[in-house]
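**Q** Output the structure for:
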Amino acid sequence: MPSANSRISTDAGVSQAESWAVIACCMAASMAAIIWSWRHDAMLNYGDAVAHLHIARRVFDSRTPRFSQLGSVWLPLPHILLIPFVQDYQWWATGLAGVIPSALAYITACAGLYRLARHFVSRSASALALAFFALNPNLLYLQTTAMTEPLFLCEMIWIVVFLVEWRDTFNAESESTRRSLHFSPSRTPGRFRPIAASIQNSLRTESSLPHHRGAWLGDPTAQRSASRSIFDAPSSRIMAAIAAVLVAAIFTRYDGWIVAFLVWCGMGLALWSHRRLHSPAFWLLTLPVIAAPILWFVYNSVCFGDWLYFARGPYSAKAIELRTSAPGAWPPHPGWHNLWVSLLFYLKVSQLDSIAAAATGNKAANIVLALAALGFVAVWLVRTTSDARRVFSWVFLLWLPVPFYAWSVAYGSVPIFFHNWWPYTLYNTRYGIELLPALAIGLGFAAHSFVEGLRDPRVTRIFSRFVASPPANALAFALFFALAGFNCVELLRNRAFVYEESTKNLEARLPYDEAIPPVIQDLLSLLPHAPVLMNTSAYPEIVADTGIPLRQTINESDLEIFRAALADPAGHAAVIVCFEGDDIDNAVHMNPQNLVVAAHFTANTQPPATVYFSTKWMDQSPYMKLPKLTGPLLKDLTPPSIDAVPISPNH
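**A** Predicted coordinates for the structure are as follows:
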């Protein structure tokens, strides 16, 4: 049971009614956001969201269906969770498949955040933290897409929830064990008093003996009989839940690797300090936590020939930065090899994602950030015992994104851009949303500490007893909720940064997504089941908009087939789609035989695109012999959109 010092003016826990109320409110917010996103065609704004759906789909819809289709850079769990939903073609093509796991993760994250807050503060303060978190427009938008942030936030929050509950339970078990060992023989009935004294003397004698090497591990069989399960203790069962969520986090985002290392080492230190490092449950659960990243190394080595392919391959963050950096630009991005600047950039983008005032200046946003941090400190300081403070210390893990992303921006080829600072554009703004749980919980702690401070006798003497009355407390929280609501409205009015970045991302891809599929459709109408050679990683939505299955394409994910097609494009595919500078474009220039240009497109910020058809394949089509198609093929093709500039096939 939690100790008395582990809470401040809270009830025994979250009631069933509270839980259902939280879930119902969050489901309503989630559904409203989903409807809005559907009506505004925003589910596939992010190219990364489209790519996540594409990766999940190609696991079973490709020329070589297998799990290696999960790719090498992005970790596999988000794609595995998408597989049941992308099997429906329409759900995949429209992005609806990505909504289900993301929305469930959002609702679960909200429930976990409220549960975590209620462990330390009142209902009102917990509800305030939940409102600040759940009504954030950027998070509400992300949970309508296939992006990985909602899932990782859910995992991160529940890791902290389970850690707090584990440490509380662990402290209670340790205290129970200590009391059972330090009994008094004088309080034992007379006839048992000699036995009790003998036991106590033996314990004292054992504790006074010199410690041999390895004695700190303790006796692995001292407190466990053969008939007992290693997970009989409540703390061991919570430890199993922590290990399960850590493994999930490891396979979701690379942030999870750092979280897993810190958490498991911290738990080991806690066990060691109580002479319980011999716990079989801990060592058994260490195996999957260690095996998870090793399995990813092995997967990369076996499938791609390099155990660090995800970090130094052609699709790694470093390779992408090298390809996308402006020629001659130095440094490649703000904060490059500068931890201080990268820290400032991450803190600023976190404020922009969560605090409306950050869009107009730094002062108000910095005050909110400071209040959140002080809320943590205030609640930690009122812990009256060292055990209670150790329980609360796990909550500080929510601030881990700050050092992680500061390092990633400086040394991990992860640039962050926003309008306010150079280079005055938007890129990776969604990373700031990972600090939202810390800000929400911290502001809830700060509000609770403020209201509790009003009850201090020194405060009531200076002002009046009214400030400590329930109506005054209700009035204070009403003001806090009003401010949280105003913050949400202002974020919406200023157009949430994450959503705005997604629209810019869509605008860059939209010309080709609209112009190229009709051309491919018209060509395939001559030979419906003919293969299409194209790089589906760059523009995966072209395939869905064309209405063909992925297995009808020859793409880079089927590496051996793809390489064979590059050696003879006209012989392997009826339609070839290439973008200037990619492998297919180079192959076409080296092997142009039997290829005819069907259409050529250009768009701002995108490489020129060309669609070819193979005369080898088209000669097999009975439609090519009809009189109306004896002239130039392009006369019957759907014209490209106004956003793309066509070039004559004879150009």
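
**Q** Residues contacting the helix or strand hosting L139, please?
**A** In this structure, L139 sits in helix 137-142 according to DSSP states H and E. Here helix 137-142 makes contact (CB atoms under 8 Å, 6 or more residues apart in numbering) with 29-30, 32-33, 37, 42, 102, 106, 133-134, 149-150, 153, 353-354, 430, 433, 436, 488, 491-492, 496-499, 502. Any C-beta I mention is one placed from the backbone N, CA and C, and that applies to glycine too.

**Q** Got the phi and psi for A598?
**A** phi -90, psi -40 (degrees, to the nearest 10).

**Q** Skipping adjacent residues, who's closest to it in space?
**A** Leaving aside its sequence neighbours, A598 sits nearest to V611 (CB to CB, 6 or more residues apart in numbering; 4.6 Å).

**Q** try A311
**A** The shortest distance from A311 to any non-neighbouring residue, by CB to CB, 6+ apart, is to K318 (7.4 Å).

**Q** Tell me who's in contact with the one you found.
**A** Residues near K318 by CB under 8 Å, 6+ apart: 311-312, 413.

**Q** of the residues you listed, buried ones?
**A** With burial judged by 16 or more other CB atoms under 10 Å, the buried subset of the contacts of K318 is 311, 413.

**Q** can I get the contacts of K318 in CSV with pLDDT?
**A** Formatted as CSV, these follow (pLDDT from 0 to 100):
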residue, pLDDT
A311, 92
R312, 90
S413, 90
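
**Q** which secondary structure element contains the residue nearest to A311?
**A** With secondary structure defined by DSSP H and E, K318 is part of helix 317-324.

**Q** next structured bit after that helix?
**A** Next along the chain from helix 317-324, counting by DSSP H and E, comes helix 339-354.

**Q** related to what we said a few turns ago, please list the members of the contacts of helix 137-142 that lie in strands.
**A** Within the contacts of helix 137-142, no residue falls in strands by DSSP state E.

**Q** Next, the buried residues of the longest helix anywhere in the chain.
**A** Across the chain, the helix with the greatest residue count (assigned by DSSP state H) is helix 149-181. Within helix 149-181, the residues that count as buried by 16+ other CB under 10 Å are 149-174.

**Q** before we move on, the earlier item: now the helix holding K318: average pLDDT?
**A** The pLDDT scores in helix 317-324 average 80.

**Q** Now do the contacts for S126.
**A** By CB under 8 Å, 6+ apart, the contact set of S126 is 114, 117-118, 444.

**Q** Does it lie in a helix or a strand, and which?
**A** Applying DSSP H and E, one finds S126 within helix 123-134.

**Q** chain center to that helix: distance?
**A** Mean-position distance between helix 123-134 and its chain equals 21 Å (CA atoms, centre = their mean, to the nearest Å).

**Q** re the thing from before, from the contacts of helix 137-142, list just the buried residues.
**A** Burial by neighbour count, 16+ other CB under 10 Å: within the contacts of helix 137-142 this picks out 29-30, 33, 37, 42, 102, 106, 133-134, 149-150, 153, 353-354, 430, 433, 436, 488, 491, 496-499, 502.

**Q** Keeping just the C-alphas, turn stretch 17-33 into CSV.
**A** Provided in CSV are the C-alpha atoms of stretch 17-33 (Å, rounded to 0.1, in the frame of the first residue of the first chain):
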residue,chain,number,x,y,z
ALA,A,17,-16.4,6.7,-12.0
GLU,A,18,-13.4,9.0,-12.4
SER,A,19,-11.8,6.6,-14.9
TRP,A,20,-14.9,6.3,-17.0
ALA,A,21,-15.5,10.1,-17.0
VAL,A,22,-11.9,10.6,-18.2
ILE,A,23,-12.2,8.0,-20.9
ALA,A,24,-15.6,9.4,-22.1
CYS,A,25,-14.3,13.0,-22.2
CYS,A,26,-11.2,12.0,-24.1
MET,A,27,-13.1,9.8,-26.5
ALA,A,28,-15.4,12.8,-27.3
ALA,A,29,-12.3,15.0,-27.9
SER,A,30,-10.7,12.4,-30.1
MET,A,31,-13.8,11.8,-32.1
ALA,A,32,-14.3,15.5,-32.7
ALA,A,33,-10.7,15.8,-34.0
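
**Q** what comes up buried for that stretch?
**A** If you call a residue buried by 16+ other CB under 10 Å, then stretch 17-33 has these buried ones: 18, 22, 25-26, 29-30, 33.

**Q** Could you list which of the residues you listed belong to helices?
**A** 18, 22, 25-26, 29-30, 33.

**Q** Spatially, which two of those residues are the most separated?
**A** E18 and A33 (22.8 Å; CB to CB).

**Q** closest to V451 among the buried residues of stretch 17-33?
**A** For the buried residues of stretch 17-33, the nearest to V451 is E18 (18.9 Å; CB to CB).

**Q** isn't the closest one right up against S122?
**A** No: with contact defined as CB atoms under 8 Å, E18 does not count as touching S122 (11.7 Å).

**Q** domains in this protein, as residue ranges please.
**A** Domain assignment for the chain, taken from automatic domain parsing, gives 314-495, 503-636.

**Q** which residues of the stretch 401-550 of the chain fall in helices?
**A** Secondary structure of the stretch 401-550 of the chain (DSSP state H, counting those that start in this stretch): helices at 401-411, 436-454, 457-462, 470-493, 497-524, 541-546.

**Q** Take the ones you listed and lay them out in CSV including mean pLDDT.
**A** Shown next, in CSV, are those (pLDDT from 0 to 100):
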stretch, mean pLDDT
helix 401-411, 96
helix 436-454, 93
helix 457-462, 59
helix 470-493, 90
helix 497-524, 93
helix 541-546, 93
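
**Q** Can you check which of the ones you listed gets nearest to S235?
**A** For S235, the closest of those is helix 436-454, at 23.5 Å, according to CB to CB.

**Q** If you average pLDDT per helix and strand, which one of this protein comes out bottom?
**A** helix 193-208 (a mean of 49; mean pLDDT, DSSP states H and E).

**Q** what's downstream of it, the next helix or strand?
**A** Downstream of helix 193-208, the next assigned helix or strand under DSSP H and E is helix 234-250.

**Q** got the angle for the helix or strand following that following helix vs helix 401-411?
**A** Sequence order places helix 255-273 as the next helix or strand after helix 234-250, per DSSP H and E. Helix 255-273 and helix 401-411 are oriented at 130 degrees to each other (axes from the mean of the first three to the mean of the last three CA atoms, to 10 degrees).

**Q** ok, residues contacting the very next helix or strand once past helix 255-273?
**A** Using DSSP H and E, the helix or strand that directly follows helix 255-273 along the chain is helix 280-304. Contacts with helix 280-304, where a contact means CB under 8 Å, 6+ apart, come from 68, 72, 75, 220, 224, 230-231, 233, 236, 239-240, 243, 246-247, 250-251, 257, 260, 264, 267-268, 271, 306-310, 313.

**Q** Are any of these buried, and if so which?
**A** Applying 16+ other CB under 10 Å to these flags 68, 72, 75, 224, 231, 233, 236, 239-240, 243, 246-247, 250-251, 257, 260, 264, 267, 271, 309-310, 313 as buried.

**Q** Sweet, I'm off.
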